[in-house]
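Novice: Dropping a prediction and its sequence here:
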Amino acid sequence: MPDQWVDQAEGLRRLLVKTPPQIVTLCSALPEPGRPWALLNLAAALRQAGSGVLILDAAAGQEGGLMASPLQPIQLKNVLEGHCSFAHAISMGPEEIPVIAAQSGLTGLVEAVSENKQIAGQLKLDAGSIEVLLVNTVPDPSGAQCPDNLLNQEVVITVRPERDSVAATYQLIKTLCQRSSQRQYRLLISGDPNIREAQRLHRALSSALERSSNVKLTLLGLMPSDRYVHQAASHGRAVVASAPNTFSAASFRKMADSLIRCRTAASHRYGMSAPMASNMPKPGALSSVRG
């Protein structure tokens, strides 16, 4: 590992963070074929907008995971228990997005980064800070892979327009409501739906969940599946980087802007300044994305 990367990464250990990072968790009831690319593009769009992003990939090496096979055997749990630093657990994914395998360690994550100054301090780089922890969970109709402590943060649920996916998503959200007081979720519709179809799906799910569980379901956006997305994916790229002037790229930038507005509003409510942009170091690329 280059000395420069070690020096920069050790800056993770030297910060006192005033504002805990925004934690955004991606869930789904059923496996969604395009989900790794949704994760990558959302991360890349957030970074383009000036937000430092770190992906915690609980699905690494599995269907729906960003990493086909983690280069680093170190898990997030090892970091949170103090056995190693974030720097030693990070691998660089496509588009130089930093990724940590997180099959273990998500339980207690919120408390660690919001209450433990030593852990929070490790999220700081010399050149900036990590504003968003993007958590990728394993698809599960019971939501068992999403710990309760994440449910009171930002939760994005991916769904396809097909009937089985919609029905499973409805049951998933009802189950999550039984485990948490959280009643606000965001919906990311994949499968390349048209706008009217997506709006109908959102209205139907939102209306049913509001009646049954008093849930407010916000439409985060649509994940397109056009040739630009496929071309980018075939080269291990994010469409927001390889084809930035396309409708597909604009869709992901709009989703990222929505999440940033939410974080900024929360910062202002607590009298905190908006986070500064991050300049992530680049030690080398991860091999591939699991599609």
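Specialist: Nice, thanks for sending it over.

Novice: what's the neighbour count on Q184?
Specialist: Close neighbours of Q184, defined as other Cβ atoms under 10 Å, add up to 11. Every residue, glycine included, has its C-beta placed from N, CA and C.

Novice: beta partners for it?
Specialist: Beta-bridge partners recorded for Q184 (DSSP bridges): K216.

Novice: Look up how far N214 lies from it.
Specialist: As judged by Cβ to Cβ, to the nearest Å, Q184 and N214 stand 10 Å apart.

Novice: ditto for A167
Specialist: Here the criterion is Cβ to Cβ. By it, A167 lies 20 Å from N214.

Novice: Which one of the two is surrounded by more residues?
Specialist: Between A167 and N214, counted using other Cβ under 10 Å, A167 has the larger neighbour count: 15 against 9.

Novice: Distance check, that one against I173.
Specialist: From A167 over to I173 the distance is 11 Å, taken as Cβ to Cβ.

Novice: Now the helix ranked longest in the chain: average pLDDT?
Specialist: Across the chain, the longest stretch assigned as helix under DSSP state H is helix 247-269. Per-region confidence: helix 247-269 scores 82 on mean pLDDT.

Novice: got it, and stretch 89-99?
Specialist: Averaged across stretch 89-99, the pLDDT comes to 88.

Novice: Buried ones in the helix or strand in which A112 is found, by neighbour count?
Specialist: Here A112, judged by DSSP states H and E, is contained in helix 109-115. Buried residues in helix 109-115, defined by neighbour count with 16 or more other Cβ atoms under 10 Å: L109, V110, A112, V113, S114.

Novice: Also stretch 193-207?
Specialist: Neighbour counts over stretch 193-207 (16+ other Cβ under 10 Å) mark P193, A198, L201, H202, L205, S206 as buried.

Novice: Alpha carbons of the helix or strand the fourth one falls within, in CSV - could you do that?
Specialist: With secondary structure defined by DSSP H and E, H202 is part of helix 195-213. The C-alpha coordinates for helix 195-213 follow below in CSV (Å, rounded to 0.1, in the frame of the first residue of the first chain):
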residue,chain,number,x,y,z
ILE,A,195,-43.2,8.0,-15.2
ARG,A,196,-46.9,7.4,-15.2
GLU,A,197,-46.5,3.7,-14.3
ALA,A,198,-44.1,4.6,-11.5
GLN,A,199,-46.5,7.3,-10.1
ARG,A,200,-49.4,4.8,-10.1
LEU,A,201,-47.3,2.2,-8.3
HIS,A,202,-46.2,4.8,-5.7
ARG,A,203,-49.7,6.1,-5.2
ALA,A,204,-51.1,2.5,-4.7
LEU,A,205,-48.4,1.5,-2.3
SER,A,206,-48.5,4.8,-0.4
SER,A,207,-52.2,4.7,0.0
ALA,A,208,-52.3,1.1,1.2
LEU,A,209,-49.5,1.6,3.7
GLU,A,210,-50.9,4.9,5.0
ARG,A,211,-54.2,3.2,5.8
SER,A,212,-52.7,0.0,7.3
SER,A,213,-49.6,1.4,9.1
